[in-house]
Structures are given as structure tokens and as C-alpha cells.
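Q: predicted model and sequence below, questions to follow.
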Amino acid sequence: MPPEIQWYPGHIAKAERQLKEQLKRVDVVLEVLDARIPLASHHPQVAEWIGSKPRILILNRADMIPESVRQAWQAWFKRRGEVPYFTDAQQGQGIRAVSKAAQAAGVEMNRRRRDRGMRPRPVRAVVIGFPNVGKSALINRLLGRKAVASARRAGVTRQLQWVRISESIELLDAPGVIPSKLDNQTDAVKLAICEDIGEAAYDNQHVAAALVDLLVELAYEEILRSRYGLDPLSMTGEEYIHALANSRYQGDAERAALQLLNDFRKGLMGAIPLELPPTN
């Protein structure tokens with residue numbers, strides 16, 4: 001049995017408590033998902049936390065999935081009454097539409113304030129999502145300058161901080177939040193593959209083997225065959241990692257696993273989704 005993926009460091013537990021406290025003061029929630037795994041990267045408690053507050057759904061890293069898959073997700077969310085905003089926060093794509101949506105929520109909030117005889121104020125928005133889905137990069141793009149630290153690894157943002165975007169928007173940058181227990185291990189593996197969870201949580205060889213099996217399941221085996229010169233259809237993911245280690249890395253399976261994971265994470269294998277919209 002592969003080791004279970006579980007990760008809930010102290011700073012995340014603390015951040016979750018602070019976030020719940022701050023949510024009382026927030027007008028609109030920007031939930032950032034990983035476009036490669038929109039379902040696995042959705043925190044199951046978000047709906048319970050935000051109640052009736054408006055939510056702007058952002059699928060970041062949209063550059064890492066094919067256009068056809070993007071359209072399929074758009075249609076799937078639309079059928080569920082939601083409007084997904086696709087962004088590439090690194091390159092700044094799709095940011096303007098997100099900004100407009102947040103401002104529109106602010107206009108509505110201030111209309112209600114005026115109706116109650118209160119003065120208008122900037123809309124307070126919070127950006128939430130799993131670690132490393134691109135929340136800080138998104139905030140920096142919305143702001144037009146680097147105001148918060150961001151990097152391609154989980155756990156860079158450690159505390160909550162308010163950032164003034166404009167006269168009309170204030171944004172709360174929150175550390176990544178994850179469930180205290182990852183009940184769905186299939187989703188946990190996808191989070192590990194996409195590096196949306198701290199590396200202390202998982203075993204690289206197990207996760208790389210799962211990536212190989214998943215790519216075969218999604219009919220992307222040709223990418224593995226042409227890139228590494230090994231046919232994944234004739235072996236399991238685990239066997240593939242060892243075969244790759246023997247053919248290229250003097251039998252070093254850890255090095256082979258890391259190479260495979262990094263090639264996927266950096267987009268060197270191409271635009272590959274690890275989830276497709278459910279058919280129901």
C-alpha cells in the first residue's frame with residue numbers, strides 16, 4: 001500500500017482560524033483553483049465558510065490545459081450556474097476580467113449600503129485556495145506590482161495581509177488552506193503531482209508512478225513514449241519509474257521520479273489536464 005498523503009502544518013491551522021475570523025469582514029471571495037485539477041483543488045469547506053457571499057471562481061494556470069478542455073470546463077461550470085474565470089497569473093492573462101467582476105460585486109455591495117443610509121467604501125475581497133495555486137501571483141497582477149511574495153512551491157504565504165488594489169478594492173492575501181484530513185486520496189495524489197501541497201506530505205516515487213498511470217488513463221501515453229523512449233503501456237507506473245532510472249539515471253529512482261514530476265510541473269510535457277469535466 002502506498003503511504004497516505006496527509007499534510008496539515010501548524011501555520012495552515014492557524015491561518016484557517018484567522019481566515020474564518022476575517023471572512024466576517026469580507027464582501028466577495030475569489031476562490032483560485034488549479035485549471036489542471038479544478039475539482040481536486042477545490043476546498044470542500046469553502047461553501048460552508050462563505051455562506052451567501054458572492055464568489056468569483058478563478059481557474060489559474062489555464063495555459064497548462066488545452067483550449068478544448070478549457071471550453072469543456074466552461075460549459076460544465078455554466079450548467080451548474082457558475083462563471084469560471086480562466087487566468088494565467090504568471091503572464092497576466094485574464095486578470096482584467098477578474099478585476100471587473102470584483103468591482104461589480106463592490107458596486108452591488110455599496111448600493112445595499114446606500115439603501116441602508118451608509119456611506120460607500122472599497123469592496124473587501126479575499127483570495128483563497130490551496131497552497132501554490134497562484135494566489136499571490138494573481139494579487140500582484142491585480143495590483144500591477146509585486147506586493148506579496150510568490151513562488152512555485154507550496155507554503156510561501158505564511159500570514160494574512162490586506163493589500164489595497166485601488167480606490168475601490170482591498171484584497172486579503174491568505175495562506176493556502178487545505179482540509180485537515182485529505183479523505184480522497186485520488187485527489188490528494190493529483191494535488192501532489194501539481195505541487196499544490198507541501199512536499200513533506202508525499203513520497204516522490206509514489207507520486208511520479210501515479211502520474212504515469214494517470215497519463216496512460218487519460219490517453220497521453222505517447223508523450224511519455226516520445227519524451228523518455230519507454231512505452232508505459234507495457235508496465236505499471238512504478239515499473240516505469242524504475243525503467244527510466246535504469247535507462248538514464250544509473251538506477252536512481254528518486255532522481256527519475258523528480259525529473260518526471262518537474263517536467264510535468266514546468267509544462268515541458270505540454271498542456272496536460274489531469275481532470276476532465278464529469279459527464280453527469
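A: Arrived safely, thanks for sending.

Q: which other helices and strands contact whatever helix or strand residue 114 lives in?
A: Taking DSSP states H and E as the criterion, residue 114 maps to helix 95-115. Using 3 or more Cβ pairs under 8 Å, 6 or more residues apart in numbering; DSSP states H and E, the elements in contact with helix 95-115 are strand 28-34, strand 55-60, strand 84-87, strand 123-128, helix 135-143, strand 169-173. Every residue, glycine included, has its C-beta placed from N, CA and C.

Q: note down every partner strand of the second one and its orientation.
A: Same thing as strand 55-60. Here strand 55-60 is paired, per DSSP bridges, with strand 28-34 (parallel), strand 84-87 (parallel).

Q: residue ranges with poor pLDDT in the stretch 1-150 of the chain?
A: The stretch 1-150 of the chain contains residues with pLDDT under 70 at 1-3, 6-12, 145-150.

Q: coming back round to it: in TSV: the helices and strands packed on helix 95-115, plus mean neighbour count and distance to residue 18.
A: Below are the helices and strands packed on helix 95-115 laid out as TSV (neighbours: other Cβ atoms under 10 Å; distance: least, Cβ to Cβ, whole Å):
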stretch	mean neighbour count	distance to residue 18
strand 28-34	25	15
strand 55-60	23	20
strand 84-87	22	25
strand 123-128	24	11
helix 135-143	24	15
strand 169-173	23	10
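
Q: among these, which is nearest residue 260?
A: strand 28-34 (18.5 Å; Cβ to Cβ).

Q: and for that closest one, what are the contacting residues?
A: 23, 40-43, 46, 50, 53-61, 98, 102, 105-106, 109, 123-130, 133-135, 138, 171, 194, 196 (Cβ atoms under 8 Å, 6 or more residues apart in numbering).

Q: try stretch 221-233
A: 212, 215-216, 240, 243-244, 247-248, 260, 263, 269-270, 272.

Q: among those, name the ones in strands.
A: Among the contacts of stretch 221-233, no member is found in strands (DSSP state E).

Q: before we move on, back to that, between the strands paired with strand 55-60, which gets nearest to residue 67?
A: Of all the strands paired with strand 55-60, strand 84-87 comes closest under Cβ to Cβ, at 10.0 Å.

Q: how far away from the center of its chain is that closest one?
A: A distance of 12 Å separates the centroid of the chain from that of strand 84-87, by Cα atoms, centre = their mean, to the nearest Å.

Q: buried subset of the contacts of stretch 221-233?
A: Taking 16 or more other Cβ atoms under 10 Å as the criterion, what is buried in the contacts of stretch 221-233 is 212, 215, 216, 240, 243, 244, 260, 263, 269, 272.

Q: which pair of those spans the longest distance?
A: Top of the distance list for the buried ones among the contacts of stretch 221-233 (Cβ to Cβ): 243 and 272, 20.7 Å.

Q: separation between the residue nearest to residue 214 when sequence neighbours are not counted and residue 170?
A: For residue 214, ignoring the flanking residues on the chain, the nearest one in space by Cβ to Cβ, 6 or more residues apart in numbering is residue 274 at 6.0 Å. Distance of residue 274 to residue 170, given as Cβ to Cβ, to the nearest Å: 34 Å.

Q: ok, residue 40 next?
A: Residue 40 is 30 Å from residue 170, by Cβ to Cβ.

Q: residue 45 too?
A: 24 Å.

Q: likewise for residue 122?
A: Taking Cβ to Cβ, one finds residue 122 at 5 Å from residue 170.

Q: shared neighbours, those two?
A: Going by Cβ under 8 Å, 6+ apart, residues that sit against residue 122 and also against residue 170 are residue 164.

Q: for the stretch 151-280 of the chain, just list every one of the helices.
A: 185-193, 204-217, 221-228, 237-248, 253-265 (DSSP state H, counting those that start in this stretch).
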